[in-house]
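1. sequence first, predicted model second:
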Amino acid sequence: MYLTDEDLTKEVPFENGYHATIRWTRHIADHARHYYANIVCIKKTLKCS
């Protein structure tokens, strides 16, 4: 399934009764993946030390 620009501006339910656009939730998910990858890298570095 492909999302259009119009799809990305649709609002969806979010935490505590708030609403957010699909674009914003994808942006936040990208941050979470980035931070998780950094944590994994740090753990691997510490194990090798």
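-> Yep, it's here. Numbers count the residues shown, from 1 in each chain.

2. where does pLDDT dip in the protein?
-> 49 (pLDDT under 70).

3. what ranges do the strands span in it?
-> Per DSSP state E, the chain carries strands over the ranges 11-13, 19-21.

4. need those in TSV (columns: distance to residue 38 and mean neighbour count).
-> Placement of C-beta: from N, CA and C, glycine included. TSV is the format used below for the strands of the chain (distance: least, CB to CB, whole Å; neighbours: other CB atoms under 10 Å):
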stretch	distance to residue 38	mean neighbour count
strand 11-13	27	10
strand 19-21	24	13
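
5. show me the one of those strands that comes nearest residue 41.
-> strand 19-21 (28.9 Å; CB to CB).

6. from the chain's centre, how far out does that closest one sit?
-> 13 Å (CA atoms, centre = their mean, to the nearest Å).

7. what's in contact with it?
-> 8-14 (CB atoms under 8 Å, 6 or more residues apart in numbering).

8. returning to that earlier point: any chance of the strands of the chain in JSON lines, plus distance to residue 36?
-> Shown next, in JSON lines, are these (distance: least, CB to CB, whole Å):
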{"stretch": "strand 11-13", "distance to residue 36": "22"}
{"stretch": "strand 19-21", "distance to residue 36": "20"}
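
9. distance of residue 2 from residue 15?
-> The gap separating residue 2 from residue 15 is 27 Å, by CB to CB, to the nearest Å.

10. one more: residue 31?
-> 15 Å.

11. ok, longest helix in this structure?
-> helix 22-48 (DSSP state H).

12. alright, that wraps it up for me.
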